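Chemist: Turn this into a structure:
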Amino acid sequence: MTYLAQAAAFLTDVLFGIAVFILMLRFLMQLANIGLNHPLTQFIYHATTPLLQPLQRVVPRWRTLDLACLLLMLVLKVLALLLLGWFMGRQHGFFGLLVLAFADLLSTLIYVLIFSIIIQVVISWVNPDPYNPVYSFVARLNAPLISPVRRRVPPFHGIDFSAFIVLMLLQLALILLVAPLTHVGQML
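Modeler: Residues are numbered from 1 along each chain as shown. Sure, this is the predicted structure:
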């Protein structure tokens, strides 16, 4: 691969990755029911609305799931994989691209959750102020995952292991779900 192709692959990966990351945050914010009263949520909604509005007119919501957001993330992942394959001289079939894009999207979701939990834990150690805007954002984002575990696993001698358990489960999902999906996508 030439230096120009490496640079193009890097830029493609970064730019599409940022777009999917911001769309993933919007999707998770909608699932966690985080309102627009936070500056970070306002930025995310304003950054993604121009991309999603045309698609939302055609693709309806299903319960609390914004299917237009999911579809746009999947399309962006497929386009990124197509471009990366073209730069690197690799070709995948249509179904292989879809499976790889889905696996990559699932991987992005899991890593966003992992990093948000780590941010929440570190802030809780350093400055556990519940009015800290970053802490309140990640705490509300992580609540659907951490709260059920916290109800089932009480603190042990004052130490809450719920975030650690969720992190282990997310890592297992990467190993047992994303890795096999990626392998299947590469074979198609």
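Chemist: Enumerate every residue touching the residue nearest to the spatial centre of the chain.
Modeler: In the chain, the centroid-proximal residue (CA atoms, centre = their mean) is Leu109; its distance is 2.8 Å. By CB atoms under 8 Å, 6 or more residues apart in numbering, Leu109 lies in contact with 24, 28. For glycine as for every other residue, the C-beta is placed from the backbone atoms N, C-alpha and C.
Chemist: if you set the cut-off to 7 Å instead, what comes out?
Modeler: Taking CB atoms under 7 Å, 6 or more residues apart in numbering, we find Leu109 in contact with Met24.
Chemist: Could you check the pLDDT of the residue at the greatest distance from the centre of the chain?
Modeler: Within the chain, His157 marks the point farthest from the mean C-alpha position, 33.2 Å out by CA atoms, centre = their mean. For His157, the model assigns a pLDDT of 83.
Chemist: And the average pLDDT for the strand or helix carrying the residue nearest to the centre of the chain is what?
Modeler: Taking DSSP states H and E as the definition, one finds Leu109 inside helix 94-126. Averaged over helix 94-126, pLDDT sits at 92.
Chemist: And that helix, what's buried?
Modeler: Using 16 or more other CB atoms under 10 Å as the test for burial, helix 94-126 gives 96-110, 112-114, 116-117, 119-121, 123-124.
Chemist: Tell me the first helix or strand C-terminal of it.
Modeler: Next along from helix 94-126, by DSSP H and E: helix 133-152.
Chemist: hmm, back to that, against Val126, how distant is the residue nearest to the centre of the chain?
Modeler: 26 Å (CB to CB, to the nearest Å).
Chemist: where does the closest residue in space to Arg150 that isn't next to it in sequence land on pLDDT?
Modeler: Sequence neighbours aside, Ser162 is the residue nearest to Arg150 in space, at 4.0 Å (criterion: CB to CB, 6 or more residues apart in numbering). At Ser162, the predicted lDDT confidence score is 92.
Chemist: Could you give the number of residues near Ser162?
Modeler: 20 (other CB atoms under 10 Å).
Chemist: Return the residues in contact with it.
Modeler: By CB under 7 Å, 6+ apart, the contact set of Ser162 is 146, 149-150, 153.
Chemist: and the host helix or strand of Leu15, what other elements does it pack with?
Modeler: Using DSSP H and E, Leu15 sits in helix 3-31. Using 3 or more CB pairs under 7 Å, 6 or more residues apart in numbering; DSSP states H and E, the elements in contact with helix 3-31 are helix 39-58, helix 67-88, helix 94-126, helix 133-152.
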